[in-house]
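>>> Following is a predicted model, sequence given first.
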Amino acid sequence: MSELRLSGISKVYPNGLRAVSDVDMDIADGELLVLVGPSGCGKSTLLRMIAGLEDITEGVIEIDGRVVNAESPRERDIAMVFQNYALYPHMTVRKNIGYSLRLGRVPKNEATQRIEDTAAMLELSDLLDRKPPALSGGQRQRVAMGRAIVRSPAAFLMDEPLSNLDARLRVQMRAEIIRLQRNLGTTTVYVTHDQVEAMTMGSRVAVLRDGLLQQVDSPQVLYDHPDNLFVAAFIGSPSMNLYQGHIESTSTAARVVFGAHSFPLPDQWTQRDGSGGDDGQEVIVGIRPEWLVEQTRDNTDLPSLRVRVELVESLGSELVAHTTIDAVSVESDTPELAEGHVADSGGGAACLARLSPRSRVAVGETIELAIDHPSVHLFDAETERSLRPGRDR
Amino acid sequence: MVFLAPATVIYSVFMVYPLLDSLRRSFFDDDGNFAGLDNYNTLFGNPTFADRFWDALGHNFQFFAFHMVLQNPIGLLLAVLLTVQSVRGLNIYRTIVFLPTTLSVVIVGFVWRLILSPIWGVTETLGIDTPLLGESRTVLPTLSLISVWQWVGIPMIFFYAVLIAIPKDLIEASRVDGAGSWQVFRDITFPLILPMLGIISILTYIGNFNAFDLIYQVKGVVAGPDFASDIMGTFFYRTFFGASGTTGSPAMGATVASVMFLIILVGVLIYMFGWQRRVTTYEL
Ligand SMILES: Nc1ncnc2c1ncn2[C@@H]1O[C@H](COP(=O)(O)OP(=O)(O)O)[C@@H](O)[C@H]1O
Ligand SMILES: [Mg+2]
């Protein structure tokens, strides 16, 4: 059990590619930190640097205050679970799990005991004498976990350990890992590209993009107060609706305008000096699908959007309406984002709304949706940083 | 099955028929009369044949031992070195090591004869005052080493192909488990290339017991001095075609060929039933 500290970590591969840039991160003793980001953003690279499998180009990694930059994986005492499990195909489950103990010269009796305890914990006791090729995907995954657990290491590193499992097994193993981690109290860095997994697993989630750390916070804070456009668009499912807009302010009031729509700039955004946003400031408007509701008698005070319903998905607990709206959307996942890439013009911009399952919207209808506008996010079109004041960081 | 037919026919005509015919001829004398086991009795009972046969067989095992102890481990070592990512110009090394395999044995033999020649060669400069190819004591080891030098690229390429197929994950997992370079090799890499080691060994065995050309090129059919470099191949050649005054005997030649076939067959059977059944190939 240990504390991990990463200071100014960068990785430049020999081919010149800068995979990780200046990452600072503290992982407390016993914490489960989830590292999330789209594929290719440098998650594995960062994890491998912590494990000692990759040289650290810049920065310092400390385990319990001890700088480990120059230490081999063996000296760091860190266990890693690989995406493809990386089980030794020629060794039985028992030998796979016990390999680190054998290398560590743990006395035979003790090793046997620890292997069996670990196997029992993971319900692998009946499989100890099988070899990996004779195991199912879920069983292999558990052996990979067992190999990490048996060592009682300073920390666990897990690189997308569940991504090769089917959906049902993944949800089950996710809960299992959370439970194990909590019981063992071992400091853990868990990597995933799946934001839903990140949100459900981590007490803290670190969002990585192109090697740069975007925000490290609890799932709720990431959801409610994303620091920038990327985090806002990446976190949440279905993801946030994003439109190009601007602020129109007069001496008495300020409005957010996007396409043919507008709503008053909510009070909490009026800047500290009391003025609204600058007149004409270019912004990106972010509206989560759950902030759109059907207009009823109770919410006529909310600003409304006129949308055309194109498709309705009924999920039982909710109803996702795919609609179009007269505005210009911002394509969130593409790197051209910064250049104000326009996704769709002409037919209007896509707009997703999560409605009550009882609503009676029909395809082809034009309806009014109310926006819970105080929740709405605004981002500077230039810097993509959140304009929401109040959370100083 | 229909599609296999042409291949089967061609294979039978050009491979199986000559083999069977050669076996058949070992039971007949040179005039075509059935002779039972007479030829075999001559081979093993008549000292002029038997002494040469047992000598050649012994030499052939020495020849094989040199390849097993040097060629294959060195090939493996080179292959392992080739997989070290940080070395520059790996392709060049690979090509250089592989180059001698592409040379004709005639050239290899000639070149080494020049290099080791007491008159023009380098041996004197190196402080070796024996003619390495000229003395009974040294001729077989020297020829073995030349052969090892020429063919070491083959096991290297075979091992290399298997080594690069081992997922990096496995190596990294073992390093995280606490293994150093040697332990990674001993516990992970080596067990995974064991099946290939078997294949290379049996190919070496077959190749060595069929070897002929290098010794013929360097020492001629009499495999001198004093038959010190005689192996099965040269022994067969002399028996069949005759050499230095003696006339050849096709029947005795066929007998030697049959025995050679048997020796190789035994090796292949040991490989198939003693090794292949015990060593599993893992899908990686
Ligand atoms: N050994 C390497 N040499 C050069 N570039 C690499 C190497 N490994 C990974 N990369 C690159 O670094 C970036 C980050 O990779 P990685 O850490 O594997 O991303 P992730 O795990 O988030 O998908 C990618 O662009 C990838 O192509
Ligand atoms: Mg990865």
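Yep, that arrived. A quick note: this is a predicted structure, and the numbers were derived from the prediction, not measured. Ligands and ions are numbered 1, 2, ... in the order given.

>>> mind listing what B:Ile119 touches?
Applying Cβ atoms under 8 Å, 6 or more residues apart in numbering or on different chains to B:Ile119 gives no contacts. Heads up, the C-betas are built off the backbone N, CA and C, glycines and all.

>>> Ok, the one 3 residues further on next?
When contacts are counted by Cβ under 8 Å, 6+ apart, B:Val122 is found next to B:Ile115, B:Leu116.

>>> Leaving out chain neighbours, which residue sits closest to residue 260?
In the absence of a named chain, chain A is used. Using Cβ to Cβ, 6 or more residues apart in numbering or on different chains and skipping the chain neighbours, the partner closest in space to A:Ala260 is A:Asp326 (4.1 Å).

>>> think we crossed wires, I meant chain B
Spatial nearest neighbour of B:Met260, excluding adjacent residues (Cβ to Cβ, 6+ apart): B:Met232 at 5.2 Å.

>>> how close does the one you found sit to ligand 1?
Distance of B:Met232 to ligand 1, computed by Cβ to the nearest ligand atom, to the nearest Å: 50 Å.

>>> Please name the residues that touch the closest residue to A:Tyr85 other than its chain neighbours.
Spatial nearest neighbour of A:Tyr85, excluding adjacent residues (Cβ to Cβ, 6+ apart): A:Ala144 at 4.1 Å. Contact partners of A:Ala144, counting by Cβ under 8 Å, 6+ apart, are A:Val81, A:Phe82, A:Tyr85, A:Ala86, A:Leu87, A:Pro161.

>>> one more time with 10 Å, if that's ok
With Cβ atoms under 10 Å, 6 or more residues apart in numbering or on different chains as the criterion, the residues that contact A:Ala144 are A:79-87, A:96-97, A:122, A:132, A:158, A:161, B:173.

>>> quick one: which of these is nearest ligand 1?
A:Gln83 (8.8 Å; Cβ to the nearest ligand atom).

>>> The residue lying closest to the closest one once chain neighbours are set aside: neighbouring residues, count only.
Excluding the flanking residues, the one nearest A:Gln83 by Cβ to Cβ, 6+ apart is A:Glu160, at 4.4 Å. Neighbour count of A:Glu160, defined by other Cβ atoms under 10 Å in any protein chain shown: 20.

>>> Equivalent analysis for the one 3 residues further on, please.
Neighbourhood size, A:Ser163 [other Cβ under 10 Å]: 15.

>>> now B:Leu126
Neighbours around B:Leu126, by other Cβ under 10 Å: 8.

>>> Equivalent analysis for B:Ile270, please.
13.

>>> residues touching it, list them.
Contacts for B:Ile270 (Cβ under 10 Å, 6+ apart) come out as B:Ile202, B:Tyr205, B:Gln276.

>>> Distance check, it against B:Met15.
Going from B:Ile270 to B:Met15 by Cβ to Cβ, to the nearest Å gives 22 Å.

>>> Over to A:Phe234?
The spacing between A:Phe234 and B:Met15, counted by Cβ to Cβ, is 65 Å.

>>> which of the two has more neighbours?
Neighbour comparison, A:Phe234 and B:Met15: the larger count goes to A:Phe234, with 25 against 10 (by other Cβ under 10 Å).

>>> Quick check: phi and psi on the more buried one?
Torsion angles at A:Phe234 (phi, psi; degrees, to the nearest 10) stand at phi -80, psi -40.

>>> Isn't it up against A:Gln195?
Yes. Using Cβ atoms under 10 Å, A:Phe234 is in contact with A:Gln195, at 5.8 Å.

>>> Please identify the helix or strand for A:Val312.
Following DSSP states H and E, one finds A:Val312 within strand A:304-314.

>>> May I have that strand as CSV, with CA atoms only?
What follows is strand A:304-314, C-alpha atoms only, in CSV (Å, rounded to 0.1, in the frame of the first residue of the first chain):
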residue,chain,number,x,y,z
SER,A,304,-37.8,27.0,-25.2
LEU,A,305,-36.4,25.5,-28.3
ARG,A,306,-38.3,24.6,-31.4
VAL,A,307,-37.1,21.2,-32.7
ARG,A,308,-38.2,18.7,-35.3
VAL,A,309,-38.3,15.1,-34.2
GLU,A,310,-36.5,12.7,-36.5
LEU,A,311,-36.3,9.5,-34.5
VAL,A,312,-37.5,8.3,-31.2
GLU,A,313,-35.7,5.6,-29.2
SER,A,314,-37.7,4.2,-26.4
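
>>> So what are the sheet partners of it and their directions?
Strand A:304-314 pairs in its sheet with strand A:319-325 (antiparallel), strand A:366-371 (antiparallel), by DSSP bridges.

>>> give me the low-pLDDT residue ranges for chain A?
For chain A, applying pLDDT under 70 flags the ranges A:1, A:268-277, A:332-347, A:389-393.

>>> any idea where the helices of it begin and end?
Listed in chain order, the helices of chain A (DSSP state H) span A:43-51, A:73-76, A:93-103, A:108-121, A:137-149, A:167-184, A:195-201, A:219-224, A:229-234.

>>> Figure out which of these is closest to A:Glu282.
Closest to A:Glu282 of the helices of chain A is helix A:229-234 (Cβ to Cβ; 12.7 Å).

>>> contacts for that closest one?
For helix A:229-234, contacts defined as Cβ under 10 Å, 6+ apart pick out A:36-38, A:195, A:198, A:205, A:207-210, A:212, A:214-215, A:217, A:222-223, A:225-226, A:228, A:239-242, A:284, A:286, A:288, A:330-333, A:337-338, A:377, A:379-381, A:383-386.

>>> tell me which residues of that helix are tucked away?
Neighbour-count burial for helix A:229-234, counted by 16 or more other Cβ atoms under 10 Å in any protein chain shown, picks out A:Leu229, A:Phe230, A:Val231, A:Ala232, A:Ala233, A:Phe234.

>>> and which of these is nearest chain B?
The shortest approach to chain B among the buried residues of helix A:229-234 belongs to A:Phe234, at 27.2 Å (Cβ to the nearest Cβ).

>>> What distance do you get for that closest one to A:Val36?
Taking Cβ to Cβ, one finds A:Phe234 at 8 Å from A:Val36.

>>> Give the residues shared as contacts by the two.
A:Gln195, A:Ala198, A:Val207, A:Leu208, A:Arg209, A:Gln214, A:Leu222.

>>> ok, the last one - contacts?
It stands for A:Leu222. Residues in contact with A:Leu222 (Cβ under 10 Å, 6+ apart) are A:36, A:195, A:198-199, A:202, A:204-207, A:214-216, A:231-232, A:234-236.

>>> Just the buried residues of those.
A:36, A:195, A:198-199, A:202, A:204-207, A:214-216, A:231-232, A:234-236.
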